[in-house]
Structure formats: C-alpha cells, structure tokens
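K.L.:
Please find the sequence and the predicted model below.
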Amino acid sequence: DAKTTQPPSMDCAEGRAANLPCNHSTISGNEYVYWYRQIHSQGPQYIIHGLKNNETNEMASLIITEDRKSSTLILPHATLRDTAVYYCIVKETSGSRLTFGEGTQLTVNP
Amino acid sequence: EPEVTQTPSHQVTQMGQEVILRCVPISNHLYFYWYRQILGQKVEFLVSFYNNEISEKSEIFDDQFSVERPDGSNFTLKIRSTKLEDSAMYFCASSVEWIAGTDTQYFGPGTRLTVL
C-alpha cells in the first residue's frame, strides 16, 4: 500500500476554509486517493476521492498535485460540525480494503 | 439518502460467549465489509464479501470470526468465542461495485462490543 503522511492536528476558524494536506509520495499510477472523516466514534464518512484530476462535490474539493505525490482536501467554509479526524487513504488496486492511518484531527473553533 | 444500518448499537457479552453483529447494507450494493476499531486505535479492515464468498480477509480475521449473508438484506459478523481483546467498535460498510481501485465504501454507525 502507498503510505500516507498527514499532520496529526490542525485548527481552523469557523467560516474559514480548512486545507488538510496529505503526502503520498509512493502512490502508483492507478491508485486512487480517498478522503474519509470520523466524528467521535461514529462510522467513517466518505467525503471525496480522485485519481489525478481535481474533484469537487457538495462537501469538499480535492486538489491532487500533477506528480500525484500529495493532495489537499479543502472544506471551503468550515463549521463546528466539521470537527473530526480526517483520513487520507490511498486505495490499493489489487484488493478491497481501506487502510486507515492516524489521520488529522481537525478542530474548528468558533 | 440510503444508509448502512447496524444492530445492536451496543452489545455486552461475557468472555467465551458467541455474538452476532448485524448489518443491513445499502440495498443495491453488492460488496460488503467489516472493520473494527479498538478504543483509541486505528480503524482496521477485517473482511470483504462478495457473491456469498469472502473475497479478502485480514490477519485479524481468524477462525473465531465468520460472516454470512443469511438473506437478501442482512450481513452478519459472528464471533464464536469472544475474548476481552475483541472489545471494539465494529463497522459494517458496503459498496456498489469494485472496479480496480475504486469502490466507494459507505459505513454504518457501528456496534460497540464490550466483552467482560
């Protein structure tokens, strides 16, 4: 599996954009980048995924660098309810498992 | 919006007892998964299931564990003889399909298993 590296914690002010970085320098050409989040001990919640192009949905935007060695998840207007652990996962092509790391604890402050 | 549901939300059992955790995946999904999260630790993959067969399992998923799709809607995880270290949150997930690296898995809320 391609390993990912994320900062352990980040803070963001409510209403501002939260930019969560992820390094995945060993990613293979056909491996996808997935982002999930987990609020307290709830089930992980899917946010977005991408291969090489930038992606946007109603929750977030995903910016993947041209060399695909890193990506950034952007929550455009963070709210208190976005406080969670955010996981960047490189999805292996040969199997079905998601391999979760430690993630980034994002705290949105009022 | 369709959701994965899990029952019970909390299960307490005595060591050595059998437990069955239940999940109802999203209705048109074909791939099913179990993960677990021991308190304070990472979410860990246990098993994936497709077409009534295990398609992948982790080293955690030993002979004490089994999965079944007993009918068209439920997906179960059985632990035959629970140990203290089985205490964890167990998450079920499902996805529509698996196409070489892209299968968006949707997770249920989890069952908290406490083994005494």
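P.N.:
Structure's in. What do you need?

K.L.:
Would you mind listing what in chain A touches chain B?
P.N.:
For chain A, the residues in contact with chain B (C-beta under 8 Å from any C-beta of the partner chain) are A:30-32, A:34, A:36, A:38, A:41-46, A:49, A:51, A:87, A:91-93, A:95-102. The way it works is simple: take the backbone N, C-alpha and C, and place the C-beta from them, glycine included.

K.L.:
Any quick ChimeraX command for the buried ones out of those?
P.N.:
To isolate the buried members of the residues of chain A next to chain B in ChimeraX, using 16 or more other C-beta atoms under 10 Å in any protein chain shown:
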select /A:31,32,34,36,38,43,44,45,46,49,51,87,91,92,95,96,97,98,99,100,101
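
K.L.:
And the strands in chain A?
P.N.:
Ranges of strands within chain A are A:9-13, A:18-23, A:32-38, A:45-50, A:55-56, A:61-64, A:70-75, A:84-91, A:104-109, based on DSSP state E.

K.L.:
Let me know which of these is the nearest to residue B:42.
P.N.:
When the strands of chain A are compared by C-beta to C-beta, strand A:84-91 sits nearest residue B:42, at 9.0 Å.

K.L.:
Show me what that closest one is packed against.
P.N.:
strand A:18-23, strand A:32-38, strand A:45-50, strand A:70-75, strand A:104-109 (3 or more C-beta pairs under 8 Å, 6 or more residues apart in numbering or on different chains; DSSP states H and E).

K.L.:
got those strands as a markdown table, with distance to residue A:83 and mean pLDDT columns?
P.N.:
Output for the helices and strands packed on strand A:84-91, formatted as a markdown table (distance: least, C-beta to C-beta, whole Å; pLDDT from 0 to 100):
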| stretch | distance to residue A:83 | mean pLDDT |
| --- | --- | --- |
| strand A:18-23 | 10 | 98 |
| strand A:32-38 | 10 | 96 |
| strand A:45-50 | 13 | 96 |
| strand A:70-75 | 11 | 98 |
| strand A:104-109 | 5 | 98 |
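
K.L.:
what sits opposite the closest residue to residue A:82 other than its chain neighbours in the beta ladder?
P.N.:
With C-beta to C-beta, 6 or more residues apart in numbering or on different chains as the criterion, residue A:82 has its nearest non-adjacent residue at 5.2 Å, and that residue is residue A:108. When assigned by DSSP bridges, residue A:108 has beta-bridge partners residue A:12.
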